[in-house]
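S.K.: build me a model:
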Amino acid sequence: MKMGVWFNVSLMFLCIFFITGSLSKLERLKHPVTKSDGSLSILVVGDWGRKGQFNQSRVAHQMGIVGEQLDIDFVVSVGDNFYDDGLKGETDPSFEASFSHIYTHPSLQKQWYAVLGNHDYRGNVEAQLSHVLTQKDWRWFCRRSFILSSGMVEFFFVDTNPFVEKYFTEPKDHTYDWRNVLPRDRYISNLLHDLDRAIKKSRATWKFVVGHHGIKTAGEHGVTQELVDQLLPILKEHKVDLYINGHDHCLQHIGTKGETQFLTSGGGSKAWRGTVLPWDPKELKLYYDGQGFMSLHITRSKVNFIYYDVSGNVLHQSSLSKRSHLF
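M.R.: Coordinates of the predicted model:
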């Protein structure tokens, strides 16, 4: 590894593991700003970990091409990182088979920031959170909930899984790893308190919340009512700019001018569910029932987001202005 690259990687890890914040109990990280204009470019992908199958490898290839074109700073994963039942442990070969051996393009050799999906909770959650995986592949960073600051942007990553009542009450077709989550009510209460406090005190130009489950979605899973009741009020109160999620295996943009935009990027592998639920066409800017991913390019005055299909074709693009909030 060249000395300059090694220095940047070392600096990144210093920022990740040694910077703490006082705004809340949520772990706080910083990602270095490397571009002279202070802008930030990222890719967002979700619902991907299938050892290259179901077009995961094709999506990864196009991510690499777009990542090079945009000179991305990092990648965000919105959960369901490993199918069908998460990782069995820190030595599970699925980690390499679904991550390290798939996202091999040079442009994707950047930090990955990930949250957990419901399928991840069906395995050994602590394994995905372990620093052992980071030692295997330095790009990997996964936590339940955390705050990521980079220049003029703050990302608030939220563990949405414990909010979903049916994972606790419906017939036990699946086993979930709820270690360090129970008692559930206290976990959710503390998370919402810390999140509300952190967003309220944030001085970032742009505020994005990232979770796995959808708040507004026309996808097969439908809206997550628990998030509508408990998380959405916080987004509205603090005028959060974007809520970014996966869970539904599609690409989706729902939004109204001047309000939070809801962006789904769950097309990392298996898709084509064939289900689209009714939604107000004035709000539903994009619904694509297939594989793909999303990019964000962020400046102080504008956020551009673009959706790409499995062949790299642009499906939809839009922007949000901090001055006018016009598309």
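
S.K.: can I get the longest helix anywhere in the chain in CSV, CA atoms only?
M.R.: When every helix of the chain is counted residue by residue (DSSP state H), the longest turns out to be helix 184-201. Taking only C-alpha atoms (Å, rounded to 0.1, in the frame of the first residue of the first chain), the coordinates of helix 184-201 have been written out as CSV:
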residue,chain,number,x,y,z
ARG,A,184,-37.3,-3.7,24.1
ASP,A,185,-39.3,-0.7,25.4
ARG,A,186,-36.3,0.7,27.2
TYR,A,187,-34.1,0.2,24.1
ILE,A,188,-36.5,2.1,21.9
SER,A,189,-37.1,4.8,24.4
ASN,A,190,-33.4,5.4,24.9
LEU,A,191,-32.7,5.4,21.2
LEU,A,192,-35.4,7.9,20.4
HIS,A,193,-34.3,10.1,23.2
ASP,A,194,-30.7,10.1,22.1
LEU,A,195,-31.6,10.6,18.4
ASP,A,196,-34.0,13.5,19.1
ARG,A,197,-31.4,15.2,21.2
ALA,A,198,-28.6,14.7,18.7
ILE,A,199,-30.6,15.9,15.7
LYS,A,200,-31.9,18.9,17.7
LYS,A,201,-28.3,20.0,18.6
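
S.K.: report the buried residues of that helix.
M.R.: By neighbour count, and taking 16 or more other C-beta atoms under 10 Å as the criterion, the buried residues in helix 184-201 are 187, 188, 191, 192, 194, 195, 196, 198, 199. In short, each C-beta sits where N, CA and C put it, glycine included.

S.K.: tabulate these (TSV), appending distance to residue 129.
M.R.: As requested, those are exported to TSV (distance: C-beta to C-beta, whole Å):
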residue	distance to residue 129
187	15
188	19
191	15
192	21
194	18
195	19
196	24
198	20
199	23
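
S.K.: strands of the stretch 151-300 of the chain, start to end?
M.R.: In order along the chain, the stretch 151-300 of the chain carries the following strands (DSSP state E, counting those that start in this stretch): 153-157, 206-210, 242-245, 251-254, 261-265, 284-288, 292-298.

S.K.: residues contacting residue 70?
M.R.: Each residue near residue 70 by C-beta atoms under 8 Å, 6 or more residues apart in numbering is listed here: 41, 43, 295, 297.

S.K.: can you rerun that using 7 Å?
M.R.: For residue 70, the contact set (C-beta atoms under 7 Å, 6 or more residues apart in numbering) comprises 41, 295, 297.

S.K.: what about the last one, neighbour count?
M.R.: As a burial measure, the neighbour count of residue 297 was computed by other C-beta atoms under 10 Å and equals 16.

S.K.: quickly note the distance from it to residue 261.
M.R.: Distance of residue 297 to residue 261, computed by C-beta to C-beta, to the nearest Å: 15 Å.

S.K.: re the thing from before, for residue 119, which of the strands of the stretch 151-300 of the chain is the nearest?
M.R.: Evaluated over those, closeness to residue 119 peaks at strand 242-245, with 14.3 Å, by C-beta to C-beta.

S.K.: so residue 234 touches residue 194, yeah?
M.R.: No: taking contact to mean C-beta atoms under 7 Å, the distance of 10.9 Å between residue 234 and residue 194 leaves them out of contact.

S.K.: returning to that earlier point: dump the strands of the stretch 151-300 of the chain into CSV; add mean pLDDT as well.
M.R.: Written out in CSV, the entries for these read as follows (pLDDT from 0 to 100):
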stretch, mean pLDDT
strand 153-157, 98
strand 206-210, 98
strand 242-245, 98
strand 251-254, 98
strand 261-265, 98
strand 284-288, 97
strand 292-298, 98
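
S.K.: show me what the host helix or strand of residue 113 packs onto, helices and strands only.
M.R.: Residue 113 belongs to strand 111-114 when elements are defined using DSSP states H and E. Applying 3 or more C-beta pairs under 7 Å, 6 or more residues apart in numbering; DSSP states H and E, we find strand 111-114 packed against strand 74-77, strand 140-142.

S.K.: which helices and strands sit right next to the longest one?
M.R.: Which is strand 74-77. When contacts are defined as 3+ C-beta pairs under 7 Å, 6+ apart, strand 74-77 sits against strand 40-45, strand 111-114.

S.K.: among these, which is nearest residue 252?
M.R.: With C-beta to C-beta as the yardstick, what comes closest out of those is strand 40-45 (12.0 Å).

S.K.: okay, now the sheet partners of the closest one, with direction.
M.R.: The strands that strand 40-45 pairs with in its sheet are strand 74-77 (parallel), strand 292-298 (antiparallel) (by DSSP bridges).

S.K.: nearest to residue 247, of the ones you listed?
M.R.: Checking the strands paired with strand 40-45 against residue 247 by C-beta to C-beta gives strand 74-77 as the closest, at 12.4 Å.
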